[in-house]
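S.K.: sequence plus the predicted model coming up.
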Amino acid sequence: MSMGYSIAEGPQVETVFNVFDGLNSPPNHPSRDLTDTFYITEDTVLRPHTSSVQVRTLKTKKPPIKVISPGRCFRCDTPDATHSPMFHQIEGLVVDEGITMADLKGTLEAFAKRLYGEQTKTRFRPHHFPFTEPSCEMDVSCFKCGGKGCSMCKGEGWIEILGGGMVHPKVLKNGGVDAEKYSGFAFGIGLERLVMFRFGIDDMRLLYENNMKFLEQF
């Protein structure tokens, strides 16, 4: 919010269009399978990501748009140390004239340094998401070993924390935005992952068990 973002929220029970079609996900995308997403009806799901708020925001607001959307998400995962059928994400969306990857990179670098310290380094790797083009994943230098390599970063010196990219023109069009005039970037962060890295927690399930001995540490 200190960077000028406002908060946008959406429902946890969503339409298939807002979750998949509006975000340029093809009919054969693996995330549409019953093994990955909780379906309530053929056209209604428990949202698997907060990216659905992108479509809602584009439909209801005119550029310039600068929002973050925190919220609960659901996927058909078996609970273990790093997975849960219920988790939280923070989605970011910026749409305006002249927005480029440089804006995305600068925003995320500022975020990483604020969260993990000014000494933090970042790197961006090519990736693929249906709703962004080009797409990327961002790593930060390991805040435990400073990038030298340790058990937390599995000896690599880097830790992946989020994915993002430039909003796909089809997503802008699906939201009623002129893709010839406007461009934008979006990113998604797993909140549990950030917390686990920030405090050195090695089991996600600890965050949900309401154990007072655990919670009182924070």
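M.R.: Done, it's in. In this text, all values refer to a predicted model and were calculated from it rather than measured experimentally.
S.K.: tell me which helix or strand of the protein sits lowest on mean pLDDT?
M.R.: Lowest mean confidence among the helices and strands of the chain (mean pLDDT, DSSP states H and E): helix 191-199, at a mean of 87.
S.K.: buried residues in that one, which are they?
M.R.: By neighbour count with 16 or more other C-beta atoms under 10 Å, helix 191-199 contains the buried residues 191-194, 196-197. (Glycine included, C-beta is placed from N, CA and C.)
S.K.: now the two most distant members of those residues.
M.R.: By the measure C-beta to C-beta, 191 and 197 form the most distant pair in the buried residues of helix 191-199, at 11.0 Å.
S.K.: in the protein, which spans are strands?
M.R.: All strands of the chain, identified by DSSP state E, fall at 6-7, 13-15, 39-41, 44-46, 65-74, 86-96, 122-129, 132-141, 158-167, 183-190.
S.K.: rewinding a little: who touches the least confident helix or strand of the chain?
M.R.: With contact meaning C-beta atoms under 8 Å, 6 or more residues apart in numbering, helix 191-199 is reached by 70, 84, 87-90, 115-116, 143, 152, 159, 161, 201-202, 204, 207, 218.
S.K.: buried among those residues? Need that as a selection in PyMOL.
M.R.: Those of the contacts of helix 191-199 that count as buried under 16+ other C-beta under 10 Å are selected in PyMOL with:
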select buried, resi 70+84+87+88+89+90+116+143+152+159+161+201+204+207
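S.K.: what residue is smack in the middle of the chain?
M.R.: residue 188 (1.3 Å; C-alpha atoms, centre = their mean).
S.K.: so how far is the lengthiest helix in the chain from its chain's centroid?
M.R.: Ordering each helix of the chain by length in residues (DSSP state H) puts helix 101-116 first. Here the centre of helix 101-116 is set off from its chain's centre by 14 Å, with C-alpha atoms, centre = their mean, to the nearest Å.
S.K.: how many neighbours does residue 127 have?
M.R.: 15 (other C-beta atoms under 10 Å).
S.K.: close enough to count as contact, residue 67 and residue 90?
M.R.: No. Residue 67 lies out of contact with residue 90 (C-beta atoms under 8 Å); the separation is 10.8 Å.
S.K.: which residues are in contact with each of these two?
M.R.: By C-beta under 8 Å, 6+ apart, no residue touches both residue 67 and residue 90.
S.K.: returning to what we had before: and the least confident helix or strand of the chain, how far out from the chain's middle?
M.R.: How far helix 191-199 lies from its chain's middle: 13 Å, per C-alpha atoms, centre = their mean.
S.K.: before we move on, what about stretch 122-140?
M.R.: Distance, stretch centre to chain centre, for stretch 122-140: 11 Å (C-alpha atoms, centre = their mean).
S.K.: many thanks, have a good one.
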